[in-house]
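Asker: build me a model:
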Amino acid sequence: MYRILLLFCACLLFLPQVGCDSQQSPLNNTLAKKELLLYCGTTMAPAMREIADIFEQRNGCIVKIISDGSGALCRSLHINQVGDLYLPGSESYIDKCLADGTLVEAQQVGSNRAVLMVAKDNPLRITADLANFVNGNYRTMVGLPESGSIGQETQLIL
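Answerer: Prediction:
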């Protein structure tokens, strides 16, 4: 009786290994999906999420997006040495990462343009005159040059 019970337990342990074809397993699809790790500047993140969703559907993979200021992403890439794509808001971060060996190759896929953003339909009728930043009539937010490409661009403009 002991031998039969032992043989039965051994068969139960061995059965899952030979009873399932790993190619047909429903778990295989989720476990084997390849991942693409994308570092993306804050301003581009919403558009990149839309593109990533389409890319995931077409290619059966997972796209993980880490979004932050371009400078913070550059430091993270340098420290972690992990990632597939880096889309900063300024070419200066690409140059920095290429120089220190963090990036292997660079290709331009787009560009950013600094803009003045106002409330919908511009109810205060703010003009594009840069003097609006210093007259005290409006609240102004400016990006930090140390952490984001728009901060660097703003510093150059102002």
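
Asker: okay, now G143: neighbour count?
Answerer: G143: 20 surrounding residues under other CB atoms under 10 Å. From N, CA and C alone the C-beta is placed, and that goes for glycine too.

Asker: give the contact list for it.
Answerer: G69, I150, G151, T154 (CB atoms under 8 Å, 6 or more residues apart in numbering).

Asker: quick one: which of the residues you listed sit in helices?
Answerer: I150, G151, T154 (DSSP state H).

Asker: among the residues you listed, which one sits closest to T140?
Answerer: T154 (9.9 Å; CB to CB).

Asker: contacts only, for the closest one.
Answerer: Applying CB under 8 Å, 6+ apart, the residues near T154 are A114, V142, G143, P145.

Asker: just the helices in the chain please.
Answerer: Counting by DSSP H, the chain has helices at residues 2-19, 26-31, 45-59, 70-80, 91-99, 149-157.

Asker: mean pLDDT lowest for which of those helices?
Answerer: With a mean of 41, helix 2-19 has the lowest mean pLDDT of these.

Asker: how far away is the residue nearest the centre of the chain from Q155?
Answerer: Central residue of the chain (CA atoms, centre = their mean): I65, 2.7 Å from the mean position. Note on I65: its distance to Q155, by CB to CB, to the nearest Å, is 27 Å.

Asker: and A72, by the same measure?
Answerer: Applying CB to CB to A72 and Q155 gives a distance of 17 Å.

Asker: who has more neighbours, those two?
Answerer: The neighbour comparison of A72 against Q155 (other CB under 10 Å) goes to A72, with 17 against 13.

Asker: any idea how far that one is from I66?
Answerer: 10 Å.

Asker: what residues are shared contacts of the two?
Answerer: With CB under 8 Å, 6+ apart, A72 and I66 have no common neighbours.
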